[in-house]
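1. Everything below, folded, please.
(one chain, ligands or ions: 2)
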Amino acid sequence: MLGKIEHLGIAVKDLEASNNLYEKLLGTASYKMEEVKTENVITSFFKAGENKIELLAATDPESAIAKFIEKRGEGIHHVAFAVEDIKKELTRLENEGFTILNKEPKKGADNKLVAFLHPKGTNGVLVELCQEINE
Ligand SMILES: CC[C@H](C(=O)O)C(=O)SCCNC(=O)CCNC(=O)[C@H](O)C(C)(C)COP(=O)(O)OP(=O)(O)OC[C@H]1O[C@@H](n2cnc3c(N)ncnc32)[C@H](O)[C@@H]1OP(=O)(O)O
Ligand SMILES: [Co+2]
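-> Ligands and ions are numbered 1, 2, ... in the order given. Sure, this is the predicted structure:
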């Protein structure tokens with residue numbers, strides 16, 4: 001089953017400007033910025049109480065974030081859920097009829113293994129699954 005909301009992904013055009021904006025909004029600075037080359041994104045993470053906000057900026061026009069912003073503008077891009085066993089969850093979700101975008105979990109930001117479900121099968125919400133990578 002899916003656990004807590006691990007983070008809310010927000011697509012932004014200008015990461016520096018959005019870092020400043022979210023620092024003002026949340027009252028705390030980004031605790032980590034990390035490039036994920038496989039996704040052509042740079043991420044910036046903020047803590048908001050128990051929750052995490054992930055700002056994402058594209059590093060390439062082919063990035064999912066660039067395409068999203070081009071089509072829909074800046075805004076909430078995805079909701080990420082924590083899972084204990086991502087492979088087991090992907091099998092469960094596939095059996096439930098959800099469309100898995102990457103059947104093989106991939107390395108995401110913030111020390112996670114991640115996978116995505118197609119938003120067409122989740123009422124228009126891009127869902128990400130995140131499993132903590134234990135060293
Ligand atoms: C992994 C690093 C980091 C982390 O947390 O660790 C990240 O979170 S990286 C986040 C960026 N990476 C991804 O989003 C990977 C998964 N995304 C995809 O594979 C694509 O973006 C996909 C398939 C969701 C959309 O692909 P594309 O934009 O090429 O297709 P369309 O534009 O034709 O979209 C199809 C359909 O889906 C709607 N759509 C697209 N993006 C979203 C979204 N974020 N939320 C909701 N809906 C979305 C789009 O509007 C189209 O619908 P339609 O009604 O046909 O307009
Ligand atoms: Co994410």
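2. Can you tell me which residues in this structure are near ligand 1?
-> With the criterion set to CB under 6 Å from any ligand atom, the chain comes near ligand 1 through 9, 36, 39, 41, 43, 54, 56, 64-65, 67-68, 71, 77-78, 80, 101, 108-109, 112, 114, 116, 118-120, 124, 126, 128. Every residue, glycine included, has its C-beta placed from N, CA and C.
3. Please pick the buried ones from those.
-> The neighbour-count test (16 or more other CB atoms under 10 Å) marks 9, 36, 39, 41, 43, 54, 56, 64-65, 68, 77-78, 80, 108-109, 112, 114, 116, 126, 128 as buried among these.
4. so of those, which ones are in helices?
-> Those of these mapping onto helices are A64, I65, F68, per DSSP state H.
5. Would you mind checking which of those residues is nearest to I133?
-> A64 (21.6 Å; CB to CB).
6. ok, for the closest one, nearest residue in space, not its chain neighbours?
-> E39 (6.8 Å; CB to CB, 6 or more residues apart in numbering).
7. Identify, from the ones in helices among the buried ones among the residues of the chain next to ligand 1, the entry nearest to N134.
-> For these, the nearest to N134 is A64 (27.2 Å; CB to CB).
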